[in-house]
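A.B. asks: please work out how this folds:
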Amino acid sequence: MQDLKIDVSNVILDVEAATNVEALSKLADVMYQNGYVKETYKDAVIERESSFATGLPTVYCSVAIPHTDIQHVQSKSIGIAVLKETVPFVIMGELEETTDVKLIFMLAMDKEDAQLSLLQKLMGIFQNDQLLSLIANAQDKQTIVDAIDKELSEA
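C.D. replies: As a prediction, this is how the structure comes out:
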């Protein structure tokens, strides 16, 4: 994934959201404003989340990895939101059971196979409590970008 760099402008901290839809909207809007996704991306990612949930309970804090089809993407990127307060997301593979999500990793991939390999690499991050703690508590965006870029380039 050396060719995937996280743009610091796609990282948002202390996001206030009452629902997962509000959180997804805010992050998708940022990625759209930065030119990484098309106007259709936000609605597509919210719609997909309602059918195929992406909440993942991890030991340190729960994460969500929303994504949607490649036709809504301009150029590949990851948007990251650190929520001020957790919001419930339905757990991946479940119908109703939720987990309180602190971190959102919104994927915008331009190739189907790229998404799968990125998900595998992200799983390594999600299993690393120290790294999740660093991301969840970071006071500046560059710290988050550096930590994730390092993990993705080593994987």
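A.B. asks: could I get the buried residue list for stretch 9-28?
C.D. replies: For stretch 9-28, burial by neighbour count (16 or more other CB atoms under 10 Å) applies to 9-12, 15, 17, 20, 23-28. For the C-beta atoms, the positions are set from N, CA and C on the backbone; glycine is no exception.
A.B. asks: closest to residue 39 among the residues you listed?
C.D. replies: Checking the buried residues of stretch 9-28 against residue 39 with CB to CB, the nearest one is residue 28 at 10.0 Å.
A.B. asks: after the helix or strand of the chain with the lowest mean pLDDT, next one along is what?
C.D. replies: Taking mean pLDDT, DSSP states H and E as the measure, the chain has helix 112-126 as its least confident helix or strand, at a mean of 85. Once helix 112-126 ends, the next helix or strand along the chain (criterion: DSSP states H and E) is helix 129-137.
A.B. asks: helices and strands around that following helix, which ones?
C.D. replies: Contacts defined by 3 or more CB pairs under 8 Å, 6 or more residues apart in numbering; DSSP states H and E place helix 129-137 against strand 77-90, strand 98-108, helix 112-126, helix 141-154.
A.B. asks: buried sites along that helix?
C.D. replies: Buried residues in helix 129-137, defined by neighbour count with 16+ other CB under 10 Å: 131, 132, 134, 135.
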